[in-house]
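Peer 1: predicted coordinates and the sequence they were generated for:
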Protein chains: 2
Amino acid sequence: MPEFFNVLAPAVALHTLLDCLRTRLEAETVPTSAALGRVTAIAVLAPENLPAFPRSTMDGYAVRANDTFGASESLPAYLEVVGEVPMGRAPTMTLTVGQAAVAYTGGMLPDGADAVVMVENTQAIDATCIEIFRPVAPGENVVQVGEDVRIGDVIVPAGCLLRPQDIGGLVSLGITQVEVSQRPRVAIVSTGDEIVSPDTTPAPGQVRDINTYTVAALVQQAGGVPVSLGIVQDDYAAQRRAAQAGLAQADVLIFSAGSSVSSRDMTVQVLNSLGVPGVLVHGIAHRPGKPTIVALIDGKPAFGLPGNPVSAMIVFGILVRPTLYALSGCSQPPQPTLVSARLTKNIPSVTGREDHVQVRLSCADGTWHAEPVFGKSNLIYTLIRAAGVVVVPMDKGGLYAGEEVPVQIYD
Amino acid sequence: MPEFFNVLAPAVALHTLLDCLRTRLEAETVPTSAALGRVTAIAVLAPENLPAFPRSTMDGYAVRANDTFGASESLPAYLEVVGEVPMGRAPTMTLTVGQAAVAYTGGMLPDGADAVVMVENTQAIDATCIEIFRPVAPGENVVQVGEDVRIGDVIVPAGCLLRPQDIGGLVSLGITQVEVSQRPRVAIVSTGDEIVSPDTTPAPGQVRDINTYTVAALVQQAGGVPVSLGIVQDDYAAQRRAAQAGLAQADVLIFSAGSSVSSRDMTVQVLNSLGVPGVLVHGIAHRPGKPTIVALIDGKPAFGLPGNPVSAMIVFGILVRPTLYALSGCSQPPQPTLVSARLTKNIPSVTGREDHVQVRLSCADGTWHAEPVFGKSNLIYTLIRAAGVVVVPMDKGGLYAGEEVPVQIYD
C-alpha cells in the first residue's frame, strides 16, 4: 500500500529547518585578495580615516577659496604659483594670501589651501602667475580627511558576501586579511540500483548519474565545496554507511533519490537512524519536488532530494541554497535575476501548492513573452532549453495568458 | 595647456573595439564536472538518444493501455501481475493481453507495455491480480526513447556559458569531457607615483592600491584569470616595460590611471608605441569614466581605465566585461540583476552623456524606492554603501523623482 504525504508549504519547510538550526560554520582568515564571494564572519571596522589627508579630485591649482571669490572671465583673479605638489609626497609649501600651487588629481593639498580650481578654469600668464575665471567654494574639488570612511566605522558588517568593491574598500584601509566563514562542505550521495557513472555505457534499464554533477555545480555556485560520495545502491546498510561518511566529513548531507514513499525509498529511515531530531519534513507542497525530505542530524542539515534531476535542482534552490547561506551567517544572499514577461498561455495549477513552471523567453515589440514549457518534469533538456521559471504562488489556482509575471532567469 | 577629449558614446566605443577584434581564445578540453561557468568552444551533439529505453515516470504497473480502456471505480479492469521490473535491469517478461508488471519510477518498460498506471489508481486483490480504477492512454506516464533529446541534436551550442543544468545534460549522455575556450588572462598594471601596496603604511600624499584588487575580482567574476603586474611609477620607460610584459603573458591588458590628458597621463603614448592599430578610443561620453582609453595592440585588447576606483569598476562593466565574453565567443553573457524602483529624487544629467548614478534601495508598502547617492565619484565607500546603479541614457537630460526605473544590482 502506498503511503501518502503530509506536505508543508516550501517556505514553512525551510523555516522548520532554519528555526532549529543552531550551527554556524567556523571562521578562517584568508587574504583579502582571495576573498571574493566569501562571507565575513565578523564586522570589520575602519582602522584609520580614508582619505588620510585632504586630496584633490581634479588636475588644477590648490588655492585659498577666499582668493577666488568674485573671479569671472571678464575680471579674473590673479594668483602667484609658488610650486607644484608632486604626487605621492607631502607638499613642502604653505599657501598664504594670493598664492596657488599646481595640484594633480589624487594629490595632497598644501597647508593653507582649502579648494582646487580646475585647470580648465585657469590661464597661465607666465611661469609664476595664473588667471582664474571662476570662483571655488571652500572644500570644492577636495576630498576631506575621513570623508570616504571614518576611523571606527563599520565598513563591512558580519554576514556580508564580499563583492569586488568590498575587496577594494578593505585593501584601501590596509586590511589585507579578512575573517570569513569557512565554505560549507556538502556531501552528495546519489542513490538507485539503476544509476551508473557517466563514464560508463549503461546497460538496458540503467541511466547515468546526473544529480551528483548538477548538485555539485549548484553547491559551487552557492559558495560551497561539493564532496561527492558516488553512487550507492538501494540497500539500507550501504546507504546508512554513505550517510555516516557524509556527515563525518561535511557540514551538510544531500541524498538524491529515495525520498519518496515506496519500498525502495529508505532515505527517511537512514536519516532517522543517525541522530536527532532526524527528519523534520517529508513532502513539500510544490511541483515539481513533492517527495522531498528535510532533516537535522545532530546539528547538521540533511536533505533527501527527488531523484528526478529537474526536481532536484529546483528543490535545491528552494531549500538547500538558503540553508547554505544561513550556515555562513549571510544575511542577504544573492537573488535570482528577474525579467518581467507576458505569459503566452494559461498555466493551470491548484491552490495550496506552489508550482515552478519552466518558460522560454522571446522578445517582440520591446516586450518579453514567456511561453510555458509543459511536459514531463523529469526531462533534463527541458531545463536546458528553458530560459527560466515562473512561480505560481500557493494561493493561486493558476496564471492567465496575457498576465505580466516575473521570470527567474536560470544562471 | 590642457587637451580636450573627443568623447564617444559607450556603446560606440565598445563596438569600435569589437568590430575590429578578430582574436578568439584558444580551446582546451576540461572534465565536464569542472566546466561550470566555462564557455563551449564548439557545439556539442547528442551521441545517443535520451532516454535510451522507454522509462516509467511513476511507481505503479506497466500495462497495455488497451486493457484499461473504460476502467472506473465502479467497474475496474482486472489484470494479471506477471512480475516486477527490477531497477537497473532489462525486464525479462513480455506483456500479452490482460497482463501487467510492477514498475518503478525510472524503470524500463517491458515489451508489450505502452503505458503505466499509477499505484494510487490500483488495488491489489492478491499476489497476482490487481484492480485498475482509471484508464491510461498509450504513452501515459512513460518517457519514450529520445523524448528528452535525440541522437544528433545540438545539445549545447558553441559560445554557451555552462550552467549546472548543462553539466547535467552533458553527463547524462556520457560526455565527460568538454571543449571550452581558455579563460581569458588579463594583465593588470596599476600606475601612479602616489600608489603603494595595501600591506604598507602610506606616507603623507600616498594612497594604497585599490584598482589591482577590484579589477582582479571583476576579472574573476567574468570568468577570467587576473595577472597582477603590480604598481608602476609615472615613468614612460617603466610603464612601457610593464605593458610589454602584460601583453606577452596575457590576452588583455588593463592599465589603471594615466588615462586622462595631463602630462602625467602617458598611457596613450605607451599603448600606441607597442603595436597596431593602437588607441581606438580616448574618452567616452559617460559619467563617471570619461577619461577612458580603448586600444587594440596586434590583436590584443588593451584598456586605460580611470585611476578613480569607482570609475574604473563602472567602466570595466561597460567595456572590459563584454570584451572578455566576446573573446570567449560567448553569445549571451550573464545580465545584471534588475530591480524596478521608484526614484526618490530628481537625477540631473545632460543629453549626449550616459550617467551611472549609485542608489540606495529601501522597501516601503511593497514598492522599492531608489535614493540617488550623490557626491564625489572617487569615494570607494559610496560604492560599498550603494545597492546598485541607475543608468541615465544618453538621450535624457535627467530622470524625475517618482519615475519607475530599473536598478542594476551590484554583485
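Peer 2: Perfect, I can see it now.
Peer 1: pLDDT below threshold where in the stretch 251-400 of chain A?
Peer 2: A:261, A:263, A:377 (pLDDT under 70).
Peer 1: what does it put close to chain B?
Peer 2: A:260, A:262, A:264, A:307-309, A:313, A:334-340, A:376, A:378-384 (CB under 8 Å from any CB of the partner chain). C-beta coordinates here come from the backbone N, C-alpha and C atoms, glycine included.
Peer 1: residues contacting A:Val117?
Peer 2: A:Val117 makes contacts with A:60-61, A:63, A:68, A:100, A:132, A:134, A:136, A:141, as judged by CB atoms under 8 Å, 6 or more residues apart in numbering or on different chains.
Peer 1: what does the pLDDT read for it?
Peer 2: pLDDT, A:Val117: 97.
Peer 1: any idea how far B:Pro288 is from it?
Peer 2: 20 Å (CB to CB, to the nearest Å).
Peer 1: do A:Ala137 as well
Peer 2: From A:Ala137 to B:Pro288 the distance is 21 Å (CB to CB).
Peer 1: those two: who's more crowded?
Peer 2: In terms of neighbours (other CB atoms under 10 Å in any protein chain shown), B:Pro288 is the more surrounded of A:Ala137 and B:Pro288; the figures are 21 against 11.
Peer 1: name the residues that touch the longest strand seen in chain A?
Peer 2: When chain A is parsed with DSSP state E, its longest strand is strand A:354-364. Here strand A:354-364 makes contact (CB under 8 Å, 6+ apart) with A:9-10, A:285-289, A:314, A:339, A:341, A:347, A:349, A:368-374, A:382-383, A:385-394, A:407.
Peer 1: now do 7 Å
Peer 2: If you take CB atoms under 7 Å, 6 or more residues apart in numbering or on different chains as the criterion, strand A:354-364 is touched by A:10, A:285-288, A:314, A:339, A:341, A:347, A:349, A:368-373, A:382-383, A:386-394, A:407.
Peer 1: in the helix or strand following it, which residues are buried?
Peer 2: Of the helices and strands lying after strand A:354-364 in sequence (DSSP states H and E), the nearest is strand A:367-372. Across strand A:367-372, burial judged by 16 or more other CB atoms under 10 Å in any protein chain shown covers A:368, A:370-372.
Peer 1: give the pairing partners of strand A:367-372; include direction for each.
Peer 2: strand A:338-343 (parallel), strand A:354-364 (antiparallel) (DSSP bridges).
Peer 1: tell me the one of the buried residues of strand A:367-372 nearest A:Val281?
Peer 2: A:Pro372 (28.0 Å; CB to CB).
Peer 1: my guess is the closest one meets A:Pro348, correct?
Peer 2: No: counting by CB atoms under 7 Å, A:Pro348 is not a contact partner of A:Pro372; they are 9.7 Å apart.
Peer 1: now, the contacts of A:Val117 that are in strands?
Peer 2: A:60-61, A:63, A:100, A:132.
Peer 1: isn't there a strand covering A:Pro138?
Peer 2: No: applying DSSP: H, G, I helix; E, B strand; the rest coil, one finds A:Pro138 to be coil, outside a strand.
Peer 1: just checking, it touches A:Ala115?
Peer 2: Yes: at 5.7 Å, A:Pro138 and A:Ala115 qualify as touching, with contact defined as CB under 7 Å.
Peer 1: higher neighbour count, those two?
Peer 2: A:Ala115 (24 against 10).
Peer 1: would you point out which residue is most central in chain A?
Peer 2: Central residue of chain A (CA atoms, centre = their mean): A:Pro334, 3.3 Å from the mean position.
Peer 1: what sits against the closest residue to that residue other than its chain neighbours?
Peer 2: Nearest non-adjacent residue to A:Pro334, counting by CB to CB, 6 or more residues apart in numbering or on different chains: B:Asp411, 5.5 Å away. B:Asp411 sits next to A:163, A:334, B:337 when contact means CB under 7 Å, 6+ apart.
Peer 1: distance check, the second one against A:Ala370.
Peer 2: So the one you mean is A:Pro334. Taken as CB to CB, the span from A:Pro334 to A:Ala370 is 22 Å.
Peer 1: just the last one next, same as before
Peer 2: With the distance defined as CB to CB, B:Thr337 ends up 18 Å from A:Ala370.
Peer 1: Serialize the ones in strands among the contacts of A:Val117 to JSON lines and add fields for distance to A:Met93.
Peer 2: As requested, those are exported to JSON lines (distance: CB to CB, whole Å):
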{"residue": "A:Gly60", "distance to A:Met93": "16"}
{"residue": "A:Tyr61", "distance to A:Met93": "12"}
{"residue": "A:Val63", "distance to A:Met93": "13"}
{"residue": "A:Ala100", "distance to A:Met93": "10"}
{"residue": "A:Ile132", "distance to A:Met93": "18"}
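Peer 1: any of those buried? List them.
Peer 2: Counted by 16+ other CB under 10 Å, the ones in strands among the contacts of A:Val117 give A:60-61, A:63, A:100, A:132 as buried.
Peer 1: chain A: helices as residue ranges?
Peer 2: Assigned by DSSP state H, the helices in chain A fall at A:10-19, A:164-172, A:211-221, A:236-249, A:267-272, A:309-315, A:321-327, A:380-385.
Peer 1: if we can go back for a sec, please identify the buried residues of the longest strand of chain A?
Peer 2: Within strand A:354-364, judged by 16+ other CB under 10 Å, the buried ones are A:354-360.
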